[in-house]
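Engineer: Fold the following and give me the result.
(2 chains)
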Protein chains: 2
Amino acid sequence: MSDFDIAIVLYPGMTALDAIGPYEVLRMMPGARIRFVAHEAGPVITDSGVLAIGATHTFAEVPRPRIILVPGGPAATAASADDKLLAWLIAAHRTSTWTTSVCTGALVLAGAGLLDGEPATTHWSAQQALGLLGAKPQREERVVRTGKIVTAAGVSAGIDLALWLAGEMFGREQAEAIQLNIEYDPRPPFDAGHVSKASGAVKRKALADMVRSAPEMRASETFVSSLTGAQKTLWRSAIRRMRR
Amino acid sequence: MSDFDIAIVLYPGMTALDAIGPYEVLRMMPGARIRFVAHEAGPVITDSGVLAIGATHTFAEVPRPRIILVPGGPAATAASADDKLLAWLIAAHRTSTWTTSVCTGALVLAGAGLLDGEPATTHWSAQQALGLLGAKPQREERVVRTGKIVTAAGVSAGIDLALWLAGEMFGREQAEAIQLNIEYDPRPPFDAGHVSKASGAVKRKALADMVRSAPEMRASETFVSSLTGAQKTLWRSAIRRMRR
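Structural biologist: Okay, here's the model as predicted:
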């Protein structure tokens, strides 16, 4: 297989691990060229308000990726109404081999009309929203495939999705080599990772924490919408925001 | 507990997931102030050469973090000989509550002399190197605690380390809420994540992939060592490098 583009979508207020988990897997595929795509190249501030990830390309510069990956986060609802992002996603999906999402990234696929009547999954807290947007939520599944669309459950599930995809595209041995490289032999010290396993108190705390831990979401949206070109201003502003 | 600093060390050629996995857990601790520390604030290019993560603070600006986390990566050996980084680490460790590493980040702790004669773990491919640096490698363990030092195995093991730490510092219910928020209910599609489970062919492929997938490591070290102040130049250069 010759070299091919993998477009990982970035937007302000996204959750970093949704993208970085799969990235560490996908980048090890032979021939993979990772492109972090956004409205502009430059730093994109994630939901915590203290972590910036660099977009390397604009949407327009990566029109035909073989793989598309859309991460989630508290700002996924805003992203799912971002006309320019959606227009790119719809066009890129026409020629992609795989179109994927992690966590509430599924809401963005749904916003683009790609999940109408299709089985899909998302973060446990957004399953209802996913249904309202026209998909058929699969609450018990960690990774759901429908045709060339693959959706993963919340945040860390993107690692499982990416390993599955590596196996589909390059076979079991390659996928296992990647799994070994990231030493993905998980041993969680607790067992509350699925909503069916968590107590009522843990669920309530998780929802409260979710709100508390994304204080900068709206602020970073404002920041990014005000960008006007010069990389200098862009990065200086990013640093200023993050140092508070 | 009042607000407290968590210093996550960044350096060129590090592996992103080593830092971003634990970050998504640690940042949800009540009162946590995440600081991404490096020689200079600004983008730090990771081992793939296509992903930049933003350092928010210099080492000098975060002298007494409660938690220190040192990620690994192909450039960990260079980091373990970085005098300025080591001087900061040794001083910060004197007052830290927890000093932690992920993957070959343990080599950096060892380089600072913090692991002399102590049990510790690291990426499977670096266990021997860890022993040569004076630690007692624990090849079967995913997370190893010795006093206030906690080391994790390769890359994805940082998530397990951080959840364990959340439980130690804030109790089981808080740790479970974080686990639920990142929906960490892993279901790897394969079972080759520990070196004892992988075939010889998978091990050989993994080692070859490791070399192949860090092509920009030396280049990005050169890049970062040439930095001279202006954020504009810094970020523009980062983008230029990443767009190749």
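
Engineer: least trustworthy helix or strand in chain A by mean pLDDT?
Structural biologist: helix A:217-225 (a mean of 40; mean pLDDT, DSSP states H and E).

Engineer: How is A:Y184 assigned, secondary-structure-wise?
Structural biologist: Following DSSP: H, G, I helix; E, B strand; the rest coil, we place A:Y184 in the coil state.

Engineer: Hmm, B:G193 and it touching each other?
Structural biologist: Yes. A:Y184 is in contact with B:G193 according to Cβ atoms under 8 Å; the separation is 4.2 Å. No exception for glycine: its C-beta is placed from N, CA and C like everyone else's.

Engineer: Common neighbours of those two, please.
Structural biologist: Any residue near both A:Y184 and B:G193 by Cβ atoms under 8 Å, 6 or more residues apart in numbering or on different chains counts here, and that gives B:S156.

Engineer: Over to the closest residue to A:V155 other than its chain neighbours: give its phi and psi.
Structural biologist: If the residues on either side of it in the chain are set aside, A:V155 comes closest to B:I182, at 4.1 Å by Cβ to Cβ, 6 or more residues apart in numbering or on different chains. Here is the backbone geometry of B:I182 (degrees, to the nearest 10): phi -90, psi 10.

Engineer: how about the strands of chain A, start to end?
Structural biologist: Ranges of strands within chain A are A:4-9, A:32-38, A:42-45, A:52-55, A:57-58, A:67-70, A:98-102, A:119-120, A:136-137, A:143-146, A:149-152, based on DSSP state E.

Engineer: Nearest residue to the middle of chain A?
Structural biologist: With distances taken as Cα atoms, centre = their mean, A:P71 lies nearest the centre of chain A, 1.0 Å away.

Engineer: Okay, A:M14 and chain B: tell me how far apart.
Structural biologist: 12 Å (Cβ to the nearest Cβ, to the nearest Å).

Engineer: Now do the same contact list for the closest residue to that residue other than its chain neighbours.
Structural biologist: Spatially, and ignoring its direct neighbours in sequence, A:M14 is nearest to A:G73 (3.8 Å; Cβ to Cβ, 6+ apart). Going by Cβ under 8 Å, 6+ apart, A:G73 touches A:Y11, A:G13, A:M14, A:T15, A:D18, A:T46, A:D47, A:C103, A:T104, A:A214.

Engineer: Check A:A79 too.
Structural biologist: Taking Cβ under 8 Å, 6+ apart, one finds A:V9, A:Y11, A:G13, A:M14, A:V70, A:L85, A:L107, A:V108, A:G111 in contact with A:A79.

Engineer: in stretch A:138-156, what counts as buried?
Structural biologist: Judged by neighbour count using 16 or more other Cβ atoms under 10 Å in any protein chain shown, the buried positions of stretch A:138-156 are A:138, A:141-146, A:149-156.

Engineer: Span of it from start to end?
Structural biologist: For stretch A:138-156, the first and last residues are 17 Å from each other (Cα to Cα, to the nearest Å).

Engineer: Over to stretch A:70-85?
Structural biologist: Start-to-end, stretch A:70-85 (Cα to Cα) is 11 Å.

Engineer: what residues go with each domain of chain A?
Structural biologist: With the TED database as the criterion, the domains of chain A are listed as A:4-182, A:200-243.
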